[in-house]
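A.B. asks: Sequence and predicted structure below; questions after.
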Amino acid sequence: MMIRLRSRDGLERVTIDNPLATVAQLKSEIQTQLRVPIQAQILSKNQTLLLAKSPNDLTRFTDMYDPSARLSSLNIAHGSIVYLAYEGERTVSGPAFHRAGSFGKKMTMDDLIAKQMRITRQEKAHCELVSFDRNAANVFQQYVNENLAFAVKRGGFMYGRVSEEGKVEVDFIYEPPQQGTEEDLILLRDPDEEKLVEAIALGLGMKKVGFIFTQTISQDKKDYTLSNKEVLQAVEMQTEGDLKEWVTAVVKLDVNEDGGADVHFEAFQMSDMCVRLFKEGWFEREIQQEDDPKISRMKKDVVVGGKDTRDVDNDFFLVVVKISDHEGPLSSTFPIENRNSPVPMRALKGHLGRTKSLPFVKRISDFHLLLLVARFLDVNSDVPALAAYVRTQAVVPEGYQLLIESLATAF
């Protein structure tokens with residue numbers, strides 16, 4: 001019986017002759033064949049074991065704790081994948097290395113750089129915590145759940161603030177024009193619209209702090225946290241954002257213990273090494289259909305777990321970020337841009353009518369409303385000025401009020 005072991009060193013295999021083997025026997029073979037001491041091993045069928053950051057996190061994985069449990073009783077059979085975490089270092093067998101010299105292989109500069117390009121896990125994120133505005137997060141996941149049924153991917157840019165302690169607060173999500181499929185998220189970005197978004201964020205005292213996307217139901221059945229395509233897209237967005245605390249958020253549908261479905265948020269930063277590899281052009285950008293989605297392919301050899309390889313497990317590039325929530329300064333009741341159909345101007349009339357009992361500044365304290373109105377204002381002056389009144393909750397000048405009210409009735 002062959003068992004596949006996935007650890008921080010990648011995917012390896014262990015052979016067991018006994019079809020009635022127990023967890024203890026599997027651990028013994030891991031020690032013999034992979035040189036990981038039994039006392040250092042933690043095994044689980046749950047892939048999130050590999051994302052555990054502390055000894056306390058590891059104690060949650062108890063499904064393979066009983067050494068006398070037969071593997072068959074745990075639904076582990078020939079070809080099954082088991083996840084392995086361990087403390088310390090080990091020697092991983094690999095190809096023989098010949099020193100450069102007059103009688104040995106001469107090494108090029110690329111070879112020397114590759115020997116030094118060691119990929120290890122980054123334990124600590126630059127972002128201490130990411131907190132989502134409850135309403136903004138809810139309208140995003142609700143649309144994906146109820147309208148798209150998690151059948152196609154959806155994404156957006158997160159805007160908010162970063163504290164001195166490295167805490168990120170997400171207060172609104174901008175959804176650019178896009179096309180989603182089961183496996184791909186294609187952003188059809190509109191530079192003019194993004195200038196309006198940036199002008200609104202400037203007036204609100206906010207900035208772009210991250211990227212959010214959903215995984216589909218079909219992806220839930222696959223053995224990865226992020227696919228190779230998602231890693232490439234996430235690191236590209238993080239590199240473009242050029243923010244140390246930049247966060248990538250993933251929204252997925254998980255089946256709970258009762259057979260029901262729960263919407264689940266996860267947050268990561270792409271590691272410093274991942275960003276460096278992307279900037280320096282190490283990633284193979286052309287991904288073929290037959291490629292393993294849980295592996296990122298490099299153009300040159302790198303060193304992972306003591307081995308020279310071009311295949312890197314995507315989990316090496318992920319640094320987990322803690323998640324919280326808060327009630328932000330904006331509402332999220334106005335229709336969202338770039339969904340099934342354009343937001344009509346009559347939506348503005350309906351919104352103002354429903355909120356007429358509130359002060360005018362409260363009635364327009366919604367990013368998506370501001371984005372619709374911004375199309376009729378000067379992007380360099382009026383848009384940030386109007387957003388600044390929302391930020392300070394000051395009285396909106398009569399001129400802006402009349403303009404917005406006339407837009408609501410003119411179409």
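C.D. replies: Ah, there it is.
A.B. asks: going forward, measure contacts and count neighbours with C-alpha atoms only.
C.D. replies: Noted.
A.B. asks: mind checking the SS state of K252?
C.D. replies: Of the three states, K252 takes strand according to DSSP: H, G, I helix; E, B strand; the rest coil.
A.B. asks: What count of nearby residues applies to it?
C.D. replies: By the criterion of other Cα atoms under 10 Å, K252 has 23 neighbours.
A.B. asks: shouldn't it be in contact with A267?
C.D. replies: No: assessed by Cα atoms under 8 Å, K252 is found out of contact with A267, at 11.4 Å.
A.B. asks: Now Y224. Its backbone dihedrals?
C.D. replies: phi -160, psi 160 (degrees, to the nearest 10).
A.B. asks: which one is it nearest to, not counting chain neighbours?
C.D. replies: Spatially, and ignoring its direct neighbours in sequence, Y224 is nearest to K294 (5.2 Å; Cα to Cα, 6 or more residues apart in numbering).
A.B. asks: Show the contacting residues for that neighbour.
C.D. replies: Residues near K294 by Cα atoms under 8 Å, 6 or more residues apart in numbering: D223, Y224, T225, L226, S227, N228, D313, N314.
A.B. asks: now swap in T225 and tell me
C.D. replies: Contacts of T225 (Cα under 8 Å, 6+ apart): Q47, K294, N314, D315.
A.B. asks: For ChimeraX, write the selection for the buried entries among the residues you listed.
C.D. replies: In ChimeraX syntax, the buried subset of those is picked out as below (16 or more other Cα atoms under 10 Å):
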select :47,294,314,315
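A.B. asks: just checking, next helix/strand downstream of the least confident helix or strand in the chain by mean pLDDT?
C.D. replies: Here the helix or strand of the chain ranked lowest by mean pLDDT, DSSP states H and E is helix 109-116, holding a mean of 56. Beyond helix 109-116 in the direction of the C-terminus, DSSP states H and E gives the next helix or strand as strand 118-119.
A.B. asks: Just give me how far the helix or strand just after that next one sits from the chain centre.
C.D. replies: Next helix or strand after strand 118-119 toward the C-terminus (DSSP H and E): strand 129-133. Chain-centre distance of strand 129-133: 14 Å, with Cα atoms, centre = their mean, to the nearest Å.
A.B. asks: who does strand 129-133 touch, helix- and strand-wise?
C.D. replies: With contacts taken as 3 or more Cα pairs under 8 Å, 6 or more residues apart in numbering; DSSP states H and E, strand 129-133 sits against strand 167-174, strand 323-326.
A.B. asks: Can I get the longest one as PDB, trimmed to CA atoms?
C.D. replies: Output in PDB follows, covering the C-alpha atoms of strand 167-174 (Å, rounded to 0.1, in the frame of the first residue of the first chain):
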ATOM      1  CA  LYS A 167      -4.000  46.100  11.500                       C
ATOM      2  CA  VAL A 168      -6.000  46.400   8.200                       C
ATOM      3  CA  GLU A 169      -9.600  47.600   8.300                       C
ATOM      4  CA  VAL A 170     -11.600  46.900   5.100                       C
ATOM      5  CA  ASP A 171     -14.500  49.400   4.800                       C
ATOM      6  CA  PHE A 172     -15.600  48.800   1.200                       C
ATOM      7  CA  ILE A 173     -15.100  46.500  -1.700                       C
ATOM      8  CA  TYR A 174     -14.900  47.700  -5.300                       C
END
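A.B. asks: now that strand and strand 129-133, what's the angle there?
C.D. replies: 40 degrees (axes from the mean of the first three to the mean of the last three Cα atoms, to 10 degrees).
A.B. asks: got the contact list for whatever helix or strand comes next after strand 167-174?
C.D. replies: Heading C-terminal from strand 167-174, the first helix or strand you meet, by DSSP H and E, is strand 178-180. Strand 178-180 is contacted by residues V152, K153, R154, G155, L185, I186, L187, L188, R189, N338 when judged by Cα under 8 Å, 6+ apart.
A.B. asks: Now tabulate those in TSV and tack on secondary structure.
C.D. replies: Below are the contacts of strand 178-180 laid out as TSV (three-state DSSP):
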residue	secondary structure
V152	coil
K153	coil
R154	coil
G155	strand
L185	strand
I186	strand
L187	strand
L188	coil
R189	coil
N338	coil
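A.B. asks: partner residues bridging Q178?
C.D. replies: With DSSP bridges as the criterion, Q178 is bridged to L187.
A.B. asks: Quickly list the domain ranges of this protein.
C.D. replies: 2-86, 129-326, 346-410 (automatic domain parsing).
A.B. asks: Off-centre distance for the last one?
C.D. replies: Spelled out, it's domain 346-410. 33 Å.
A.B. asks: and S28, what element?
C.D. replies: helix 23-34.
A.B. asks: That helix packs against which elements?
C.D. replies: Looks like helix 23-34 contacts strand 10-15 (3+ Cα pairs under 8 Å, 6+ apart).
A.B. asks: Just the residues contacting the strand it packs on, thanks.
C.D. replies: 1-6, 29-30, 33-34, 304-305, 312-313.
A.B. asks: just those residues now: which is nearest E175?
C.D. replies: Using Cα to Cα, D313 comes nearest to E175 of these, at 29.6 Å.
A.B. asks: is the closest one in a bridge, and if so with what?
C.D. replies: Here D313, judged by DSSP bridges, has bridge partners I295.
A.B. asks: same question, the one 5 residues further on
C.D. replies: On DSSP bridges, the residues paired with L318 through beta bridges are M270.
A.B. asks: Next, count neighbours for it.
C.D. replies: Counted with other Cα under 10 Å, L318 comes out at 23.
A.B. asks: Now do the contacts for it.
C.D. replies: L318 touches R121, Q122, F268, Q269, M270, S271, counting by Cα under 8 Å, 6+ apart.
A.B. asks: A77 versus the residue nearest to Y224, what's the distance?
C.D. replies: 21 Å (Cα to Cα, to the nearest Å).
A.B. asks: Any idea what the closest residue to V130 other than its chain neighbours is bridged to?
C.D. replies: Excluding its sequence neighbours, the residue lying closest to V130 (Cα to Cα, 6+ apart) is V168, at 4.7 Å. With DSSP bridges as the criterion, the beta-bridge partners of V168 are V130, V162.
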